[in-house]
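Asks: Quick one, structure for this:
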Amino acid sequence: MFMRRFFGQCLLFALTLASHGRYKRSSACYGPLGCFSTDGFFSLRRPINVLPASRESVNTQFRLYTRKNPQEDHVVRVDYPVTYDLSNFEPKNPTKFIIHGFTDNGFKPWIIQMKDEFLKYGDLNVFVVDWGSGSRPPYVQATANTRLVGAEIAYMIKFLQKKGLKTKDVHLIGHSLGSHTAGYAGRATKNLGRITGLDPAGPYFEYTSPRVQLDPTDATFVDNIHTDARNILRFGLGMMQASGHVDYYPNSGSHQPGCDKDPFTFVKISGIEEVYNWIISGLTRFVACDHMRSVYYFTESINSKCRFRSFECENYENYKKGRCSMQPSAQMGLHADQYIPYRRKRVKLFLETSDEDPFCEFLYEIEIDIGRHALDSSKQRGELYLQIVGDGAKTDLIKLTRGHRDLKPDTKMSFVMRTKTFITKVLSVEFKWMEDKSWYKPWTWGILGGKKKNIYINKIKVVNNDAEEFFLCRFGSTQVKANKIESFSTSSFCT
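Replies: Alright, predicted model coming up:
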């Protein structure tokens with residue numbers, strides 16, 4: 001615990017490190033981008049604020065990819081219109097801008113992978129916004145540079161509008177600092193279509209003014225994926241605060257499965273060339289697994305059959321306890337715009353993912369219709385299990401209940417089943433229930449050969465990933481003995 005706090009404090013110190021003597025100006029103008037001021041940016045969460053570096057220093061590049069040039073980028077510069085004339089930009093096509101964050105650049109593998117998935121998905125204009133020269137440490141300067149890069153993006157969009165681009169067809173996707181960069185661009189662009197924040201940066205942004213951070217007013221639709229929403233002293237690089245129309249919190253939004261951290265092993269492997277660079281570069285890579293997972297979730301969502309279906313809830317604790325609607329209301333990732341809540345902002349949605357690629361899991365809505373028998377209608381208690389069998393594929397036998405549940409006659413029980421197996425046509429299910437035999441309930445042990453316990457199933461309904469319904473049953477109410485597997489098949493008699 002001490003070492004974690006020490007490393008966190010070192011990282012926080014490095015992020016706020018800046019020389020007061022270098023930054024005495026409170027405002028400055030940058031040609032066609034207009035003027036910038038630090039007024040209104042100071043707060044307890046932003047004790048040090050500086051102006052953006054020069055345009056030449058940040059050197060923002062717009063690297064265009066289309067289906068006509070999917071591998072070789074074409075740099076488009078507003079100040080040199082001939083670069084546009086020589087490009088493959090098509091104003092009628094939807095346009096995506098991918099914006100990286102702190103210490104990254106436009107050639108990172110995750111950016112290239114996302115670009116490739118976009119071009120596989122559709123005939124799009126994909127701009128990679130490369131501001132690698134301005135994203136370097138210190139963090140305070142990089143945060144200031146996001147304002148300049150945001151203005152550069154807005155400047156480019158205005159230029160493209162003159163060529164026929166419609167702002168409603170523009171989608172900005174920003175990771176970390178890139179999320180807030182997208183917010184600045186959206187604030188300067190009228191009727192911008194959409195902004196997606198991929199784990200928006202927390203340090204220097206969370207709980208600050210809407211002028212400072214990404215906000216629902218920055219675009220017609222703003223959606224965010226939070227994956228590393230913890231305090232910076234606990235190595236968190238993202239923010240927990242909801243800042244869009246819809247905010248997704250996979251696996252609570254603060255820690256992702258598979259991102260186990262061992263700082264001592266990390267230091268041993270990475271080494272320390274010099275303290276400052278280690279704190280900024282080495283430790284950042286060490287804690288970046290959760291932070292980067294938002295990127296991989298979004299990239300996977302572009303072309304995956306799996307939909308990252310999510311559930312609206314007040315918080316993760318209520319979601320885990322099943323206190324939210326069991327009806328998935330949205331899809332995390334590219335297709336989140338299929339769910340735009342009417343006149344609502346900061347709607348929180350929760351889901352769970354796998355711990356490895358592919359991260360998305362298919363969800364099957366299960367409804368168990370428990371019947372009764374005239375001579376045996378007692379209530380039982382236990383756990384329910386189900387296996388779905390399809391044409392050429394089947395799931396594991398998966399537990400539906402969290403702990404033991406009362407199994408009452410003439411009731412319907414609903415569950416959401418998660419699995420990586422995709423089944424288009426359900427043919428049958430294998431159903432099992434395990435009776436509650438707790439150590440503190442000796443009357444459930446069955447040592448004295450008590451009455452055998454049964455439940456009766458009228459039918460089982462399965463709704464697959466494509467919202468297709470399948471009804472499975474036998475003739476009449478079927479007896480299912482405890483700890484025994486029974487099969488049910490699809491039939492027109494079940495409906």
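
Asks: Give me the domain ranges for the chain.
Replies: Split into domains by automatic domain parsing, the chain comes to 2-351, 362-494.

Asks: Make JSON lines out of those domains and add mean pLDDT.
Replies: Listed next are the domains of the chain as JSON lines, based on pLDDT from 0 to 100:
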{"stretch": "domain 2-351", "mean pLDDT": "87"}
{"stretch": "domain 362-494", "mean pLDDT": "87"}
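
Asks: can you put those in JSON lines and add mean neighbour count?
Replies: For every residue, glycine as well, the C-beta is placed using N, CA and C. Output for those, formatted as JSON lines (neighbours: other CB atoms under 10 Å):
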{"stretch": "domain 2-351", "mean neighbour count": "19"}
{"stretch": "domain 362-494", "mean neighbour count": "16"}
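
Asks: Kindly check the end-to-end length of stretch 400-420 for me.
Replies: End-to-end distance for stretch 400-420, by CA to CA, to the nearest Å: 15 Å.

Asks: Mind listing residues that contact it?
Replies: Applying CB atoms under 8 Å, 6 or more residues apart in numbering, the contact partners of stretch 400-420 are 322, 326, 328, 352, 354, 358, 361-372, 377-386, 388, 395-396, 398, 433, 436, 438, 455-456.

Asks: the strands in the stretch 51-200 of the chain, which residues?
Replies: Using DSSP state E, counting those that start in this stretch, the strands of the stretch 51-200 of the chain run over 61-66, 69-75, 95-99, 125-130, 170-175, 194-198.

Asks: got a markdown table for those strands, with distance to residue 420 too?
Replies: Shown next, in a markdown table, are these (distance: least, CB to CB, whole Å):
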| stretch | distance to residue 420 |
| --- | --- |
| strand 61-66 | 31 |
| strand 69-75 | 29 |
| strand 95-99 | 27 |
| strand 125-130 | 29 |
| strand 170-175 | 26 |
| strand 194-198 | 23 |
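
Asks: circling back to that earlier point, inside strands: which ones of the contacts of stretch 400-420?
Replies: Among those, the members found in strands (DSSP state E) are 362-370, 380-386, 388, 398, 433, 455-456.

Asks: Does residue 33 touch residue 152 like I think?
Replies: Yes. Using CB atoms under 8 Å, residue 33 and residue 152 qualify as a contacting pair, with a distance of 6.7 Å.

Asks: so what sits against both of those two?
Replies: What both residue 33 and residue 152 touch, as defined by CB under 8 Å, 6+ apart, is the set residue 55.

Asks: check contacts around residue 69.
Replies: By CB under 8 Å, 6+ apart, the contact list for residue 69 reads residue 88.

Asks: typo on my end, it should be residue 249
Replies: Applying CB under 8 Å, 6+ apart to residue 249 gives the contacts 226, 229, 316, 348, 349, 350.

Asks: what's the spacing between the closest residue to the last one other than its chain neighbours and residue 176?
Replies: Using CB to CB, 6 or more residues apart in numbering and skipping the chain neighbours, the partner closest in space to residue 350 is residue 319 (4.1 Å). Applying CB to CB, to the nearest Å, one obtains 25 Å for the distance of residue 319 from residue 176.

Asks: how about residue 164, what does it touch?
Replies: Counted by CB under 8 Å, 6+ apart, residue 164 has contacts 91, 92.

Asks: how about a cut-off of 6 Å?
Replies: residue 91 (CB atoms under 6 Å, 6 or more residues apart in numbering).

Asks: and if you look at the one 4 residues further on?
Replies: Taking CB under 6 Å, 6+ apart, we find residue 168 in contact with 191, 193.

Asks: Torsion angles phi and psi at residue 333?
Replies: phi 110, psi -150 (degrees, to the nearest 10).

Asks: and the nearest residue to it once chain neighbours are set aside, helix, strand or coil?
Replies: Using CB to CB, 6+ apart and skipping the chain neighbours, the partner closest in space to residue 333 is residue 301 (2.4 Å). What DSSP: H, G, I helix; E, B strand; the rest coil gives for residue 301 is helix.

Asks: Residue 290 too?
Replies: Here residue 290 is recorded as helix under three-state DSSP.
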